[in-house]
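1. could you work out the structure for the sequence below:
(chains A and B)
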Amino acid sequence: MRRSPAFELFRYAVIVLAIAITLVPIAWMASMAFKPIAEWQATGNNLTWWPKNPTLDNFRFIFGESSTELIVALERTAAKPILASLLASVFGTLIAMAAGSAAAYGLSRFKAGGNLPLALIQLRLFPPMAVMIPVMIMWAFLKLNDTWWGLALVYGIVTLPFAFWLMKTFFDEMPREIEEAALVEGCSRFRVFLKVTLPMMAAPLASSALFVFILNWSDYLIALLLTTREWVTIPVYMASLSSSMTGQLYGAKAALGLIAAVPPIIAGIAIQKHLVRGLTFGALKQ
Amino acid sequence: MTTQNRISRRQLLATGSKGALVAAAVGIAPQFIRPGRAFAQDALAAGMIGGPAGFDGAERYQYGPDTPEGRAIEALRSLKGAGKAPERIVLGLSDGSIGQLTQPFPAGAPSIKELFEQETGITLDIVGVPNGQEFTKTMQDISTNGGQFDIYAVEWNRLGDLAETGGIIKMDDFVAAHRPEWDDPERGYVNGAQGVSLLNQYRGSTYGVSLDGDFQTWNYRTDLFGAAAEQKAFADKYGYELKPPRTWKELDEISSFFFRPDQGLFGSTDLRNQGWGYTNWYQRYTSMASPNQFLFADDGKPLINSEQGLAATEEYIKSLAYKSPDAISWSWPEQYGNFGSGGAAMTCAFSNLPKFLDNPGNSGSMVSGKVGSMLPPGREIGGDLVRRTVLWLNLSASISSQSKHPEAAYLLLQWLGSSRIYSWMTANPGGYFDPFQLANFSDPLVRQTYHDYHMDVVRESVARTVPSINYPGATAFHNALDENLVASLTGAKSAAQAMADTESEWLKIAGRVGEEKLLEAIKTNKAAWPTVVDRLS
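-> Got it, this is the predicted structure:
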């Protein structure tokens, strides 16, 4: 059916508007990251979309090089918070994906676990903050506060339901006949899981892991409560970027934001092939 | 060539290496051999036992054995000698304040941290806490028995709430033993013992040591107020001279006059956001009667759901007209950033604003040399002018009940919070701690960084400052007021409804706190309210 030109125009207008709404904040952040202080503090008619005098000062500043314009030297640089975010998010993702995939496989194939799905979804029935006081007490007792591994463990637990439910959907969609054929050929159940099922699930695993990683990577509140100084993450560190000389250090925050956007983008590109397959996995019934 | 003159390969390498080492040392050493930052032992004035040295006027901050600082250091040395001192003291401090302890000031001086560690041999471990998260982090440490800090630094009016949790200790015995002399009439707190009671005590006992002077003060742009064209245009429009406002009516009119958003200029940027804005409501409300419009009657009845409360709230809402469209979300970083970029004609902020923004070293500031200070606006009542401002935030340090070395922690606070060290520290532009002791206001270094024009206004503002609520339940009382004021600013509630709802919530909180505790705390709090009123002429 041929669509009318007016409809096509409207369709493209909506698409362009959606893209603009999505990209403008990112473009603004990228622009801000390269602006000197006089430009990111500007208001009214002095506001500009693009830097008039592009500079790398904001990046130098967060990595500890004192800038004459920003005046205040930072008490800590962005290097360790970036490391903390990477460690906590990556290991949190590994924990969630390992436990979530195993549980999902067990339930999908053997109906094992009884009320496990309900128990897991309960973890998401209330905001994580609601349980943070008891978690903080336990973590203090276990000396896990202000450690990246303590944070990674909480991330793993909090994102476990996502990993479980995503992977269960994917396992349900996967034809059992392939596994059964391998069993008939004499493969053990574990070997079937390892050699047949997992390779076939590479795409769903990758897309689920990326989703879980982004959840962990962007967390602010849990990291704010569980870290103090040694292992604060990027969002917590970013919140501290202000000074009495300049107010909010928008340029420095934008520079850090730009850096923080890199790992999810790299991960997304690296698994792009799997991502498309993962997102459409099971969309076509055989 | 004789055998004796021959040099083996091994000898050649050894000699060469030695030579290279000597040459390198001679070459490199000058880079490290700099005039060291001076410590007390280097150049103390006669009779002094400690303090900084190495800069002009350093002797003002040195101390003898019979001073609060001297007694604190000697007691710490005694504890150290007896093996009863800790290896380190952990101080939790808002990120923005750390610089005042770690950055040397002025040139040639040691830092506060370096000096303390040099004089006592105890490491001062400062843990940064995100600005605005001080109370949350403290409560977190208390409720989880985290034991991460020896000393907490939180807003002064949370002392009651913290003391009630048992998370901080009473310092009375240490105060009696080491005599901090906070009420010294020459150098101590403003209003002597009454000032000490207000800032450091809860129900008659010492729970905190004030490390701040957050008397909210008003600033204006001298370039705008002094411009002939502006003066003429203002006089033509309003019929009186353009000068720093004396009343809230004048403030609102001048702010409206300067409200030019197309030029990036707002009238007055005193805050309206949740968490800070209500301090500016306080100023309008408490100046509604002479000498003061109180928040509670002596019998504990809230007084805000009244003609005065309604009028103050309506003014507060109307003032949004000359502020940024985002005013409800602006906190002090936005306020400081905006004022520094020349975005406002007037503002009310911490007393450190001129230190940071009227500062030639701050090349990002466009208002350096263009800032003036003024007393808070007020109201004409019975032929007098009642001007009131408010004490808000004001970091105060308390000792954790989980600290294994409370006496050493106290001695650090006595040293840090006494007038000599504190004057030196507050002059440092590296952080937020502001002057509040008599010695600070007259100290040349403090006056240099805070500016003479500002220090005199701050001192006069202190005399017109009302304390915010510091009763048990202070956090809940303020949250109730704050949430209702924000609701009135967003239009979710009318001014009348906001005051009625605040009163209702305050009554419930008062019931939870208990009448005996509350009435006693109200009485103590009221005793610290100012009595100064200005003459209209």
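
2. so where is the chain shaky, pLDDT-wise?
-> Since you didn't name a chain, this refers to chain A. A:1, A:42-45, A:66-75, A:244, A:277-286 (pLDDT under 70).

3. my question was about chain B, not that one.
-> Those would be B:1-42, B:537, if you go by pLDDT under 70 across chain B.

4. just want the most central residue of it.
-> B:Asp212 (3.6 Å; CA atoms, centre = their mean).

5. A helix includes that residue, no?
-> No - using DSSP: H, G, I helix; E, B strand; the rest coil, the secondary structure at B:Asp212 is coil, not a helix.

6. so it makes contact with B:Gln437?
-> No - contact criterion CB atoms under 8 Å: B:Asp212 and B:Gln437 do not qualify, at 10.9 Å. Every residue, glycine included, has its C-beta placed from N, CA and C.

7. so what sits against both of the two?
-> Between them, B:Asp212 and B:Gln437 share no contacting residue under CB atoms under 8 Å, 6 or more residues apart in numbering or on different chains.

8. what about the helices in the stretch 401-537 of chain B?
-> B:406-417, B:419-427, B:438-442, B:444-450, B:452-462, B:474-490, B:495-513, B:515-527 (DSSP state H, counting those that start in this stretch).

9. doesn't B:Cys348 fall inside a strand?
-> Yes - checked against three-state DSSP, B:Cys348 lies within a strand.

10. which SS state does B:Asp66 fall under?
-> From three-state DSSP, the assignment for B:Asp66 is coil.

11. what about it, how many residues nearby?
-> B:Asp66 has 11 neighbours, counted by other CB atoms under 10 Å in any protein chain shown.

12. roughly how far apart are it and chain A?
-> The gap separating B:Asp66 from chain A is 36 Å, by CB to the nearest CB, to the nearest Å.

13. where's B:Ser368, which helix or strand?
-> Of the helices and strands defined by DSSP states H and E, none includes B:Ser368.

14. pretty sure it contacts B:Phe356?
-> No - using CB under 8 Å as the test, B:Ser368 is too far from B:Phe356 to be in contact (10.1 Å).

15. neighbour count: the two, which is higher?
-> Higher neighbour count among B:Ser368 and B:Phe356: B:Phe356, with 25 against 16, using other CB under 10 Å.

16. show me what contacts that one?
-> Applying CB under 8 Å, 6+ apart, the residues near B:Phe356 are A:Ser243, A:Ser244, A:Met245, B:Tyr336, B:Gly340, B:Asn362, B:Ser365, B:Pro429.

17. what is the nearest of those residues to B:Ser396?
-> Ranked by distance to B:Ser396 (CB to CB), the contacts of B:Phe356 are led by A:Ser244 at 19.2 Å.

18. how about stretch B:505-523: buried residues?
-> For stretch B:505-523, burial by neighbour count (16 or more other CB atoms under 10 Å in any protein chain shown) applies to B:Glu505, B:Trp506, B:Ile509, B:Ala510, B:Val513, B:Lys517, B:Leu518, B:Leu519, B:Ala521, B:Ile522.

19. what about it, start to end distance?
-> Taking CA to CA, to the nearest Å, the first and last residues of stretch B:505-523 lie 21 Å apart.

20. excluding its backbone neighbours, what's nearest the residue of the stretch 151-286 of chain A found nearest chain B?
-> Residue of the stretch 151-286 of chain A nearest chain B, by CB to the nearest CB: A:Gly247 (2.3 Å). Leaving aside its sequence neighbours, A:Gly247 sits nearest to B:Gly337 (CB to CB, 6 or more residues apart in numbering or on different chains; 2.3 Å).

21. near chain A, which residues of the stretch 101-250 of chain B are found?
-> B:102-103, B:127-131, B:133, B:137, B:140, B:143-148 (CB under 8 Å from any CB of the partner chain).

22. drop anything exposed from the contacts of B:Phe356.
-> Here, 16+ other CB under 10 Å leaves A:Ser243, A:Ser244, A:Met245, B:Tyr336, B:Gly340, B:Asn362, B:Ser365, B:Pro429 buried among the contacts of B:Phe356.

23. from these, which is closest to B:Leu481?
-> Out of these, the member with the shortest distance to B:Leu481 (by CB to CB) is B:Tyr336, at 24.4 Å.

24. so that closest one sits against A:Thr246, correct?
-> Yes - counting by CB under 8 Å, B:Tyr336 touches A:Thr246, with 7.3 Å between them.

25. quick one: contacts of stretch B:107-116?
-> Contacts for stretch B:107-116 (CB under 8 Å, 6+ apart): B:35, B:37-40, B:50-55, B:58, B:100-105, B:118, B:122, B:124, B:126, B:412, B:415-416, B:421, B:424-425, B:428.

26. list the buried residues of that stretch.
-> B:Gly108, B:Ala109, B:Pro110, B:Ser111, B:Ile112, B:Lys113, B:Glu114, B:Leu115, B:Phe116.

27. next up, the contacts around the residue nearest to the centre of chain B.
-> Contacts of B:Asp212 by CB under 8 Å, 6+ apart are B:Trp156, B:Leu393, B:Asn394, B:Leu395, B:Ser396, B:Tyr432, B:Phe433, B:Asp434, B:Phe436.

28. the fifth one should be in a helix, yeah?
-> No - assigned with three-state DSSP, B:Ser396 falls outside any helix and is strand.

29. list the contacts for it?
-> With CB under 8 Å, 6+ apart, B:Ser396 has these contacts: B:Ala153, B:Val154, B:Glu155, B:Trp156, B:Leu159, B:Leu199, B:Asn200, B:Gly208, B:Val209, B:Ser210, B:Leu211, B:Asp212.

30. apply 7 Å and report the result again.
-> B:Val154, B:Trp156, B:Leu159, B:Leu199, B:Gly208, B:Val209, B:Ser210, B:Leu211 (CB atoms under 7 Å, 6 or more residues apart in numbering or on different chains).

31. distance of it relative to chain A?
-> Distance from B:Ser396 to chain A, by CB to the nearest CB: 19 Å.

32. what distance do you get for that residue to B:Glu407?
-> 19 Å (CB to CB, to the nearest Å).

33. B:Ala521 contacts B:Gly473, doesn't it?
-> No - applying CB atoms under 7 Å, one finds B:Ala521 not in contact with B:Gly473, separated by 8.9 Å.

34. what number of residues lie near the residue lying closest to B:Gly369 once chain neighbours are set aside?
-> When the adjacent residues along the chain are set aside, B:Gly369 lies closest to B:Asp358, with 6.7 Å between them (CB to CB, 6+ apart). Number of residues near B:Asp358 (other CB under 10 Å) recorded here: 25.

35. now B:Asp270
-> So B:Asp270, with other CB under 10 Å, has 28 neighbours.

36. let me see the contact set for it.
-> B:Asn280, B:Thr347, B:Cys348.

37. at 8 Å instead, please
-> B:Asn280, B:Ser319, B:Met346, B:Thr347, B:Cys348, B:Ala349.

38. and these, which two are furthest apart?
-> Top of the distance list for the contacts of B:Asp270 (CB to CB): B:Ser319 and B:Ala349, 15.7 Å.

39. tell me how many other residues surround B:Val446.
-> Neighbours of B:Val446 (other CB under 10 Å): 24.

40. what distance do you get for the closest residue in space to it that isn't next to it in sequence to A:Trp231?
-> Excluding the flanking residues, the one nearest B:Val446 by CB to CB, 6+ apart is B:Ala427, at 4.5 Å. Going from B:Ala427 to A:Trp231 by CB to CB gives 34 Å.

41. do B:Ala476 as well
-> 33 Å.

42. neighbour count: those two, which is higher?
-> A:Trp231 (24 against 19).

43. which parts of the stretch 101-250 of chain A are helices?
-> A:116-122, A:132-141, A:148-173, A:176-184, A:189-192, A:198-200, A:202-217, A:221-226, A:234-239, A:250-270.

44. wait, B:Leu265 touches B:Ser255, no?
-> No - taking CB under 8 Å as the definition, B:Leu265 is not a contact partner of B:Ser255, at 10.6 Å.
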